[in-house]
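J.: what shape does this take:
(one chain, ligands or ions: 2)
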Amino acid sequence: MTATPRDASATIVPLGRNLGAELRGVDLTRGITPPVIAAIKRAFWANPVLVLRNQRDLGPEQLIEFGNAFGYIAPHSILQYRHPKYEQLSYVTNVKPDGSLDEYGYAKRATDWHADGVFKAKPDCMTFLYSIAAPSVGGHTEFTNMYLAYETLPEDLRRRADGLACFHKRGKGWRCTAPPPPLTEAQKATGEFEGNVHPLVITHPESGRRSLYISAAHTSYIVGLERKESDALLDRLYGHAIQPEFQYHHKWQVGDLLMWDQRCTMHRAGGGAPRDEKRIMMRGMIVAELDAKRAAA
Ligand code: OGA
Ligand code: MN
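T.: Ligands and ions are numbered 1, 2, ... in the order given. Now for the predicted structure:
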């Protein structure tokens, strides 16, 4: 069919036992063409944490072109990290514009397990990070596989979870220890951050697999349960979901372009980078549905 990638040389190399893969043989600096995007999408449906390495010197316009190939790129809610010229992109960084250490970016940002944007009416589907500076040790991004988290639940718990829904609000998670910076008055006035309810178990529109959809940072409670019962059930699901066997920890190299599927993973910043080493990534978040079915056809 039409979507067969011309660079059939692209190969997938697993990075972790249950999550994480590298797609080799793709060089975005040579062009973000439909066959290349098709190859990436096919790899991505089977590998929800996927990295392309050595994508040297991609500029913001190329990253936007890359993101646009997957859907609508939603601007991030933390305004001070937005790219000054391109609102679709923002920075994940431990350095302030004046070169001094950004304490929030260094030690607090995204340290609780979460999926991006679960609190939105239309949550993010995919996020990508592009490494511009990477520390020599630490600073990993940690991921866990929420398909496996769901599929390996004891049957009674799985059945129970199937019928439940959660209320999510930005930074109001039942286990949020480091909330994101406050919203501006203008952001609050939009009404977009009042929180939303989503099923506790979601079916991935492309793979058809079911996954647990919780986020320590943003999931406030299970609808219809007493708070104590909700906390206890969330704790149980969460403890199961973050077991080490389900995780992959990504050690960054400059030029890594890593993308992950928000609908079947959780992630967090692992910390531990030296204070005097830069850790800078450029980031984009895709909200609209990614059209896998056509890519896979
Ligand atoms: C985030 C995030 C991960 C990291 O900023 O939303 O998840 O490793 N960052 O910095
Ligand atoms: Mn995140």
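J.: please make it C-alpha for all contacts and neighbour counts, starting now.
T.: Noted.
J.: and the contacts of stretch 150-157?
T.: For stretch 150-157, the surrounding residues in contact (CA atoms under 8 Å, 6 or more residues apart in numbering) are 158, 201, 210-212, 240-241.
J.: in a markdown table: these, plus pLDDT and distance to Met282.
T.: Compiled in a markdown table, the contacts of stretch 150-157 are given as follows (pLDDT from 0 to 100; distance: CA to CA, whole Å):
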| residue | pLDDT | distance to Met282 |
| --- | --- | --- |
| Arg158 | 97 | 37 |
| Val201 | 97 | 30 |
| Arg210 | 96 | 30 |
| Ser211 | 97 | 28 |
| Leu212 | 98 | 28 |
| His240 | 98 | 31 |
| Ala241 | 98 | 28 |
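J.: show me what secondary structure element comes after the top helix by length along the chain.
T.: For the chain, the longest helix by residue count, based on DSSP state H, is helix 227-241. Downstream of helix 227-241, the first helix or strand assigned by DSSP states H and E is strand 247-250.
J.: how about the next helix-or-strand element following that next one as CSV, C-alpha atoms only?
T.: Using DSSP H and E, the helix or strand that directly follows strand 247-250 along the chain is strand 257-261. The C-alpha trace of strand 257-261 is given here as CSV (Å, rounded to 0.1, in the frame of the first residue of the first chain):
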residue,chain,number,x,y,z
LEU,A,257,14.3,13.1,19.7
LEU,A,258,12.1,11.1,22.0
MET,A,259,8.4,10.7,21.6
TRP,A,260,5.9,9.0,23.9
ASP,A,261,2.3,8.1,24.0
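J.: quick one: the strands in the stretch 101-250 of the chain?
T.: For the stretch 101-250 of the chain, the strands defined by DSSP state E, counting those that start in this stretch occupy 126-133, 141-145, 165-168, 196-199, 201-203, 210-212, 219-222, 247-250.
J.: this completes my enquiry, with thanks.
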